[in-house]
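>>> Generate coordinates for the sequence data below:
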Amino acid sequence: MKDNKPETKEPKEFVEGVHFYFENGLMVLTERFLLERGYCCGSGCRHCPYPKDEDQSRNSSSSL
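Okay, the predicted model is just below:
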């Protein structure tokens, strides 16, 4: 008999030194974490691996 429960994925482990680090008491996300997330949030993250054009187009479309 097949179980009809939807598959749930375990949340990925968030590892200090791999996905983030602390600088002056603030958490800084690494390029690796941002790439694994898969999109640019448009917040100007220090290690953002996505092109700047993507940030600007996202922000400008919301101000129209």
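>>> And the strands in this protein?
Taking DSSP state E, the strands of the chain run over residues 20-23, 26-29.
>>> Turn those strands into a markdown table, including distance to Tyr39.
All C-beta atoms are positioned from the backbone trio N, CA, C, and that covers glycine. Listed next are these as a markdown table, based on distance: least, C-beta to C-beta, whole Å:
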| stretch | distance to Tyr39 |
| --- | --- |
| strand 20-23 | 17 |
| strand 26-29 | 13 |
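>>> Where does the prediction get shaky in the protein?
1-11, 54-64 (pLDDT under 70).
>>> One more pass at 50, please.
Applying pLDDT under 50 to the predicted model, the residue ranges of the chain that meet it are 54-55, 57, 60-64.
>>> about what we covered before: need the strands of the chain in a markdown table (columns: distance to Asp53 and mean neighbour count).
Shown next, in a markdown table, are the strands of the chain (distance: least, C-beta to C-beta, whole Å; neighbours: other C-beta atoms under 10 Å):
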| stretch | distance to Asp53 | mean neighbour count |
| --- | --- | --- |
| strand 20-23 | 26 | 12 |
| strand 26-29 | 21 | 12 |
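>>> out of these, which comes closest to Cys40?
Ranking those by distance to Cys40, with C-beta to C-beta as the measure, places strand 26-29 first at 11.9 Å.
>>> And the contacts of that closest one?
Here strand 26-29 makes contact (C-beta atoms under 8 Å, 6 or more residues apart in numbering) with 19-22, 45-47.
>>> Glu13: neighbouring residues, count only.
The local packing of Glu13 (other C-beta atoms under 10 Å) involves 7 other residues.
>>> and the gap between it and Phe20?
Between Glu13 and Phe20 the computed distance is 12 Å (C-beta to C-beta, to the nearest Å).
>>> Any figure for the gap between Arg37 and Phe20?
The gap separating Arg37 from Phe20 is 12 Å, by C-beta to C-beta.
>>> My read is that Cys18 contacts Glu31, right?
Slight slip there: residue 18 is Val, not Cys. No. At 10.9 Å, Val18 and Glu31 do not qualify as touching, with contact defined as C-beta atoms under 8 Å.
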